[in-house]
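1. Predicted model and sequence below, questions to follow.
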Amino acid sequence: MSQIDRLSELICTQQSKTSFTCGGSIAVRTDKNDPDVSWVANPTEPIHSRPINIFWASKDKAEVNNVTLPIDGDGESDEKSKLRKLVGDCSPASFGRGLTDVLDETYRRAGKMNLEDFASSFQPADFGLIQHIEQTLLPSVLSNKENSFQAKGLIAELYKLNVYSGPSGHFKAHVDTPRSGSQIGSLVVSLPSKFSGGSLIVRHGAEQVDFDWAATSGSHVQWAAFYSDCEHEITKVTDGHRITLTYNLHAVDLVGGVLLANPVIDPKTLPLYGLIESLMRSTEIAKGKRIGIYCSHAYAHTSNIAKKRLPHHLKGSDLILYAISKHLGYSVSVLPVLDYDRGFDVVGTRLHPHRNIVNELDDEEEDRYLNEIEPYWDHRRVSNIIWLNNHHHGEGALSYATYGNQPSLGWVYSHAVIIVSDEGDGVTEVSETDSEEGIGSENDIGSRRDIGFRRKISSDEDTDSE
Ligand SMILES: O=C(O)CCC(=O)C(=O)O
Ligand SMILES: [Fe+2]
């Protein structure tokens, strides 16, 4: 098989496997260890790290030690003896075999330190590491149809500090045990400490990636992330100490996390909270009005999966307005509103996927096809919405073929809106209130002639709207 065929096969048939692992390195700049100088790169300089401090409890837990990596120079030094103490304070690392934890130095020869006994100044989030891993590994997890995750982000949970020392530290081929249902992989961070050998080899099916960190081990933080089902091994460390931090990677609902039952972010801290609270208590709302906000970001709100994505994929101010209203106990819905210019709003009962109406309609009779289109798009006519802003992004809600002097394609657009009301449950309530008020009764056909709506007349080639 040629290389092109091989790549093409990987891309076409095994998309989920093409990105089973990723990794990189961050240079450690010992010359920039000045607390008053920002260590975050300017655009012309690659990101680098300050030296890394490790604090740990001695074996008898009587004292706290610390060492700063990397250690300069080859001769004997205080820092070198501290490093030896760190290695000495580790206990032998076990591994899972079946349901038991076993110590077997022919399989794994390493030291470990548990979370309660150490702390380090290295934080993966400082370097955008988590976002890199999210971009590389998460899409395949999400595109796996059997996977029910609707997760949008990763959390790296620090798990252990390990030391693999020369001349015989190693870990034979194994698969990590996921420690919860949300764990999708592991992250290994190699701290700046000189060693030889000790490659991490990660395999998935016939593919294999070799993370050979030895050459720059003394000056760089190096990292690798991989899926839980990847077999991996660490070849023999022949010299020095290979010091790693391992993390469990969990897929979690982070985007839209403010909408979770127990959000980490408190909606009350958002500056708009008080404003919305008092607006919703105003007399207007007491009279049965509701608030409508046109979403300020573009969402594919007429796609087939819009119903699943929204409101969780709301962004920025849209997410904030939604979350605050929800937190205040109001009923909040994300719905489409047709781009009709009338004295009332045509609000969809849910986020409808775009529809192409196949009936050919006579171009000369605009009002007739409005009558014919509307049954395809479940909606309510509403006149009690107080709009707080103007619309931004329209998206094709309906398209239909017409024939007049020449065949053409007409479009009706919709906007995604957030509707906040102080009663009932969003959509249904909108309709009930409307019919009570007699808005948009079905006898109202005469006035349909005035409907001004946006139409895009295009030639036949344009008919594929999706
Ligand atoms: O240190 C490494 O590169 C991998 C460590 C590992 O496989 C483990 O801790 O399970
Ligand atoms: Fe492992």
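-> Received the coordinates, thanks. Ligands and ions are numbered 1, 2, ... in the order given.
2. Strands along the stretch 101-250 of the chain, start to end?
-> Using DSSP state E, counting those that start in this stretch, the strands of the stretch 101-250 of the chain run over 108-109, 111-114, 118-120, 153-165, 169-174, 183-190, 195-197, 200-204, 207-211, 220-227, 231-252.
3. Restrict the fourth one to CA atoms and write it as CSV.
-> As requested, the backbone C-alpha atoms of strand 153-165 are provided in CSV (Å, rounded to 0.1, in the frame of the first residue of the first chain):
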residue,chain,number,x,y,z
GLY,A,153,-14.4,19.8,27.7
LEU,A,154,-11.6,18.0,29.5
ILE,A,155,-10.5,18.1,33.1
ALA,A,156,-7.0,16.8,33.9
GLU,A,157,-7.1,15.2,37.4
LEU,A,158,-3.6,14.9,38.9
TYR,A,159,-3.1,11.3,39.9
LYS,A,160,0.5,10.4,40.8
LEU,A,161,4.1,11.5,40.7
ASN,A,162,6.3,8.7,39.4
VAL,A,163,10.1,8.3,39.1
TYR,A,164,11.7,5.8,36.6
SER,A,165,15.4,5.7,37.4
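4. That one packs against which elements?
-> Helices and strands in packing contact with strand 153-165 are listed as helix 78-89, strand 111-114, helix 129-143, strand 169-174, strand 231-252; criterion 3 or more C-beta pairs under 8 Å, 6 or more residues apart in numbering; DSSP states H and E. All C-beta atoms are positioned from the backbone trio N, CA, C, and that covers glycine.
5. what lines up beside it in the sheet?
-> Using DSSP bridges, the neighbouring strands of strand 153-165 in the sheet come out as strand 111-114 (antiparallel), strand 231-252 (antiparallel).
6. of all these, which lies closest to ligand 1?
-> Closest of these to ligand 1 is strand 231-252, at 4.2 Å (criterion: C-beta to the nearest ligand atom).
7. buried sites along the closest one?
-> Going by neighbour count (16 or more other C-beta atoms under 10 Å), the buried part of strand 231-252 is 232, 234-237, 240-252.
8. Averaged pLDDT, it. What do you get?
-> Averaging pLDDT along strand 231-252 yields 96.
9. Stretch 275-293 now?
-> What stretch 275-293 shows for mean pLDDT is 85.
10. Give me the contacts around it.
-> Taking C-beta atoms under 8 Å, 6 or more residues apart in numbering as the criterion, the residues outside stretch 275-293 that touch it are 318, 321, 324-325, 328, 330, 337, 345, 384-389, 417-422, 430, 433.
11. ok, now stretch 69-86?
-> Residues from elsewhere that reach stretch 69-86, judged by C-beta under 8 Å, 6+ apart: 28, 30, 51-52, 54, 56, 58, 65-68, 163, 191-194, 218-219, 241, 243.
12. Same check on stretch 252-272?
-> Contacts of stretch 252-272 from elsewhere in the structure, counted by C-beta under 8 Å, 6+ apart, are 150-155, 182, 273, 311-314, 319-324, 326-327.
13. and the stretch 201-350 of the chain, which of its residues are near ligand 1?
-> 232, 234, 244, 246 (C-beta under 6 Å from any ligand atom).
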